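Q: Here's my sequence, what's the structure:
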Amino acid sequence: MKTSVLIRRFLPYYKKYWKTVVFDLCCAALTSAGELVLPLIVRGITGRATDPTVALEPAFVIRMGLLYLFLRIVDACANYYMQYIGHVMGSKLETDMRTDLFHHLQQLSFSYFSNTKVGQIMSRITSDLFEVTEFCHHCPEEFLIAGIKILVSFVVLIRMNVLLTLVMFGVLPFMIFFAWRYNHKFRTAFKLRNRQVGEINAQVEDSLLGIRVVKSFANEGMEEAKFDEGNQRFLEYKSTSYRYMAEFGTSNRIFDALMYILVVVVGALQIAAGELSVADYTAYLLYVSVLLNAIRRIVEFIEQFQRGMTGIERFYEILDAPLEIRDAPDARELRDVQGRVTFENVGFHYQEDDNEVLHHLDLDVRPGQSVALVGPSGAGKTTLCNLIPRFYDVTEGCVKVDGQDVRTLTQRSLRQAIGMVQQDVYLFSGSVLDNILYGKPGATREEAMEAAKLAGAHEFISALPQGYDTYVGERGVRLSGGQKQRISIARVFLKNPPILILDEATSALDNESERLVQQSLEQLAKGRTVFTIAHRLTTIRNADIIWVLTEHGLEESGTHAELLARGGLYAHLYQMYTENTAP
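A: Modelled structure (predicted):
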């Protein structure tokens with residue numbers, strides 16, 4: 001994005017803090033006063049000291065000293081405000097941006113996270129926004145201070161001596177040209193560097209979350225090699241950015257020297273010709289110092305400016321990611337849910353793939369009915385269930401709950417009516433109680449314990465070192481697969497939804513854990529509309545209806561007994577399964 005576009009989009013974040021910004025800029029202007037007045041004070045004192053017709057009175061010197069002391073006190077107070085309140089304002093802006101970014105991430109659909117590394121997202125929400133904090137606080141101050149110093153210096157000096165002023169300021173266009181030339185180089189280098197930080201974060205996260213797999217295959221060396229490769233690439237990008245900074249800084253030091261030489265030589269020649277007084281010459285040298293100090297601060301700020309702009313650009317790259325699943329403007333709340341689910345001529349394909357996963361599917365599930373979905377992998381069983389809570393939108397047809405198209409309902413009310421138990425259980429870092437209460441925020445401890453009893457989890461939870469307050473570890477690593485699954489079932493019991501989706505909830509468990517979890521699931525399924533995806537076909541024999549899905553759509557449907565008697569695909573799959581699991 002263009003810098004002007006990014007700044008225009010970023011400016012509204014200042015709106016909440018406009019009073020702080022205005023006062024901060026006033027303080028920034030006050031910090032310039034001392035430096036700008038000092039050359040005039042020195043000029044006045046020098047002029048009187050070198051002019052035999054005017055006496056240099058002690059009272060005059062003291063007045064000038066007191067004036068300068070007053071300006072430095074004002075400068076100190078203004079600088080304190082800028083350093084403290086200004087930085088706090090920058091942190092508040094960073095907090096607002098991070099809040100907006102996290103809110104937007106929560107609204108994005110599954111497809112975005114399927115195609116984006118979490119490490120990249122973490123880099124943008126942390127380190128990138130920290131760079132923005134420094135930028136949004138210092139940027140207005142630095143440009144205002146530099147602008148005031150350059151403008152005031154030019155006005156004062158042009159009134160003293162036109163030729164010397166034009167000679168001195170004639171160097172500025174060349175400095176501006178070099179700054180513009182390096183602008184794009186800085187942006188590119190910082191963007192590559194920040195992106196590589198995200199890649200390193202992603203690689204570290206991937207390796208640490210899979211540390212058990214890494215160690216079981218003794219592949220620590222391979223992981224270290226991958227990390228070293230990414231780390232070295234980061235070093236290359238950072239070295240490139242430092243090379244640009246060195247080139248830019250060196251060119252500006254040359255211009256600094258050139259400006260000093262021109263003022264010294266031309267000024268000395270004018271003194272010799274009687275066209276410039278010693279007092280004015282002294283003031284010129286001091287103003288050159290002020291001017292170059294302002295330019296030097298801008299040069300040093302260029303790096304920070306580009307880091308900030310890179311952070312803002314990467315911030316908006318996420319914020320501009322489209323929300324594929326949105327509530328309609330007139331979306332209604334789903335209330336008094338009975339649990340009827342209807343698929344009418346449903347077709348679906350993923351955005352990145354034009355091949356249809358589902359096509360022309362017509363199904364109707366009555367309230368309280370138990371439906372099992374079986375079939376080969378890739379037939380669309382999980383996709384079909386993901387369309388009910390509207391994790392994805394159908395590409396044709398519609399899905400209805402209680403006769404209402406799910407696209408006309410608010411996502412929150414729809415998903416509150418649906419409970420899901422999946423094969424890959426995710427427990428949040430925290431206690432057992434925290435994870436159960438996630439099903440119904442605000443529920444009491446007693447309600448959570450009752451849900452755990454219904455899920456068959458109360459006994460093993462009570463036996464844990466701190467009972468319900470036991471820390472489960474990152475992703476629940478301190479618990480077994482069966483324990484995690486029963487906690488996830490307790491979470492759904494607490495939620496108490498009328499529609500239930502069980503996605504291969506027992507396929508990763510051992511026989512004993514499967515038996516316990518299956519008992520919990522049967523208890524959970526009572527009185528609810530249930531969709532069960534299962535590869536273990538013995539777990540679905542009691543389903544009211546079984547749907548057999550293939551890449552061609554709904555191949556068969558019926559009860560377990562009916563499908564076995566039919567001798568079709570289901571009978572073949574069941575025979576294969578029982579043969580493979582026979583002792």
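
Q: tell me the pLDDT at Val22?
A: Per-residue pLDDT puts Val22 at 91.

Q: who are the neighbours of the helix or strand hosting it, in terms of helices and strands?
A: Under the criterion of DSSP states H and E, Val22 resides in helix 18-50. The helices and strands touching helix 18-50, judged by 3 or more CB pairs under 8 Å, 6 or more residues apart in numbering; DSSP states H and E, are helix 58-81, helix 87-107, helix 129-160, helix 278-319. From N, CA and C alone the C-beta is placed, and that goes for glycine too.

Q: list the contacts for Gly34?
A: Neighbour list for Gly34: Tyr68, Leu71, Arg72, Val74, Asp75 [criterion: CB atoms under 8 Å, 6 or more residues apart in numbering].

Q: now the nearest residue to the first one once chain neighbours are set aside: how far from Met160?
A: What that stands for is Tyr68. Using CB to CB, 6 or more residues apart in numbering and skipping residues adjacent in sequence, the residue nearest Tyr68 is Ile41, 5.8 Å away. Separation of Ile41 from Met160 (CB to CB, to the nearest Å) stands at 15 Å.

Q: what's the answer for Arg478, then?
A: 77 Å.

Q: what do you get for Thr250?
A: 31 Å.

Q: ditto for Glu57
A: Per CB to CB, Glu57 is found 24 Å from Met160.

Q: repeat for Lys149
A: Taken as CB to CB, the span from Lys149 to Met160 is 16 Å.

Q: okay, the two: which has more neighbours?
A: More crowded of Lys149 and Met160, by other CB atoms under 10 Å: Lys149, with 22 against 17.

Q: For the nearest residue to that one once chain neighbours are set aside, the count of nearby residues, please.
A: Of all residues not flanking Lys149 in the chain, Ala294 sits nearest, at 4.0 Å (CB to CB, 6+ apart). Ala294 sits with 20 neighbouring residues when counted by other CB under 10 Å.

Q: Val374 bridge partners, please.
A: Here Val374 sits in beta bridges with Val548, as judged by DSSP bridges.

Q: how many neighbours does Phe102 have?
A: A total of 12 residues lie near Phe102 under the criterion other CB under 10 Å.

Q: quick one, what contacts Val263?
A: Leu164, Val167, Met168, Tyr284, Leu285, Val288.

Q: which of the residues you listed has the most neighbours?
A: Tyr284 leads the contacts of Val263 on contacts (other CB under 10 Å) with 26 neighbours.

Q: mind listing what it touches?
A: Leu157, Met160, Asn161, Leu164, Met168, Val263, Gly267, Leu276.

Q: next one: phi and psi at the last one?
A: Backbone dihedrals for Leu276, given as degrees, to the nearest 10, come out at phi -140, psi 130.

Q: Now do it against Val155, distance only.
A: 18 Å.

Q: So these two - more neighbours on which side?
A: Leu276 (20 against 10).

Q: isn't that one right up against Thr165?
A: No. Contact criterion CB atoms under 8 Å: Leu276 and Thr165 do not qualify, at 11.3 Å.

Q: export the contacts of Val263 to CSV and tack on pLDDT?
A: Putting those into CSV (pLDDT from 0 to 100) gives the following:
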residue, pLDDT
Leu164, 80
Val167, 81
Met168, 77
Tyr284, 80
Leu285, 82
Val288, 80
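
Q: farthest pair in those?
A: Of all pairs drawn from these, the widest gap by CB to CB lies between Val167 and Leu285 and measures 13.5 Å.

Q: in this structure, which spans are strands?
A: 341-348, 358-365, 370-374, 396-401, 404-405, 418-422, 499-503, 529-533, 545-550, 553-558 (DSSP state E).

Q: From the centroid of this structure, which residue is nearest?
A: The chain has Ile125 as the residue nearest its centroid, 3.3 Å off, counting by CA atoms, centre = their mean.

Q: how far away is that residue from Leu101?
A: Counting by CB to CB, the gap from Ile125 to Leu101 is 6 Å.

Q: Tell me where the protein is predicted with low confidence.
A: 212, 216-217, 300, 506-510, 513-514, 579-583 (pLDDT under 70).

Q: In it, which helix is the longest?
A: The single longest helix within the chain, with elements called by DSSP state H, is helix 220-272.

Q: Kindly calculate the angle that that helix makes with helix 278-319.
A: With axes from the mean of the first three to the mean of the last three CA atoms, to 10 degrees applied, the angle from helix 220-272 to helix 278-319 works out at 150 degrees.

Q: OK, contacts around the nearest residue to Ala268 once chain neighbours are set aside?
A: Spatially, and ignoring its direct neighbours in sequence, Ala268 is nearest to Tyr281 (7.7 Å; CB to CB, 6+ apart). The neighbours of Tyr281, taking CB under 8 Å, 6+ apart as the test, are Gly267, Ala268, Gln270, Ile271.

Q: What is the neighbour count of the last one?
A: Read that as Ile271. Other residues close to Ile271 by other CB under 10 Å number 14.

Q: With the first one instead?
A: Neighbourhood size, Gly267 [other CB under 10 Å]: 24.

Q: State the distance from it to Gly47.
A: 15 Å.

Q: just the last one next, same as before
A: As for Ile271, its distance to Gly47 is 14 Å (criterion: CB to CB).
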